[in-house]
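**Q** My questions are about this predicted structure, shown below with the sequence.
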Amino acid sequence: MKTPINSRTLKQHLTYSWWKYLLVAVLAFGLVDLLYSVTAYRSPADKRVEFYVYGQMDQEKLTAYMENIRKTEMEDMEVMTPLQLLDDGYYGSMQLMTYMAVGEGDVYLLPRDEFVTGASGGSFLPLEEDKELMALFDAAGISLQNGWRKNTETGENHLCGIPQNKLPGLSRYAKATDGYLCAIVNGGNDANALKFLRILCRDMLKE
């Protein structure tokens, strides 16, 4: 004989089985969140520029600066955003290696030690091949000698980064310990990364 459904049996059922409904609700929420994360639109690599800072940055100022560039000089980009990496010497280093290994981000501001390590392994684009960028610093009479590094695998020397101390205006937005600006080789977005780097250097030459 079936148990009649009334307020007493319903209350008794909920007393012993409430956790089942809570579990179903949590699982349903998790499933919806997962589906959204998987299916949510993400701009393709050639339509976005990401600036990763391993150090300190003013999120609000840097976000506004990059959005202004997107609207005025890089209108074909869908999104341009900064991201701060944790500069804690352990987790931050792991995070940095992971991002660079999978080609996340386009332009990086790195402390000297991380820059030297990456440059020796050939992780950065050779900036001396960008004539517009070189002309910018030549016109300002600025030497980039400290940014040249030797790739230990090939033995070749390249300009792998722009020393932060040559860009006095950058400290208003971001800074790293004895920092260097560089663009990673496997970001899959070289043209836009270098264009943003040129604009950034141009703007930050002035204090």
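**A** Okay, I see it.

**Q** Tell me if residue 158 really is in a helix.
**A** No. Counting by DSSP: H, G, I helix; E, B strand; the rest coil, residue 158 falls outside a helix, being strand.

**Q** need the contact list for it.
**A** Contact partners of residue 158, counting by C-beta atoms under 8 Å, 6 or more residues apart in numbering, are 119, 124, 126-128, 148-149, 151. All C-beta spots, glycine's among them, are computed from the backbone N, C-alpha and C.

**Q** if you set the cut-off to 10 Å instead, what comes out?
**A** The contact partners of residue 158, by C-beta atoms under 10 Å, 6 or more residues apart in numbering, come to 119, 122, 124-129, 147-151.

**Q** And the residues you listed, which of them are buried?
**A** Taking 16 or more other C-beta atoms under 10 Å as the criterion, what is buried in those is 119, 122, 124-127, 147, 149, 151.

**Q** Mind checking which of those residues are in helices?
**A** Taking DSSP state H as the definition of helices, the buried ones among the contacts of residue 158 contribute residue 119.

**Q** and of the buried ones among the contacts of residue 158, the nearest to residue 43?
**A** Using C-beta to C-beta, residue 125 is the member of those that lies nearest residue 43, at 21.1 Å.

**Q** still on that earlier bit, sort out which of the contacts of residue 158 are in strands and list them.
**A** Among the contacts of residue 158, the residues falling in strands (DSSP state E) are 148-150.
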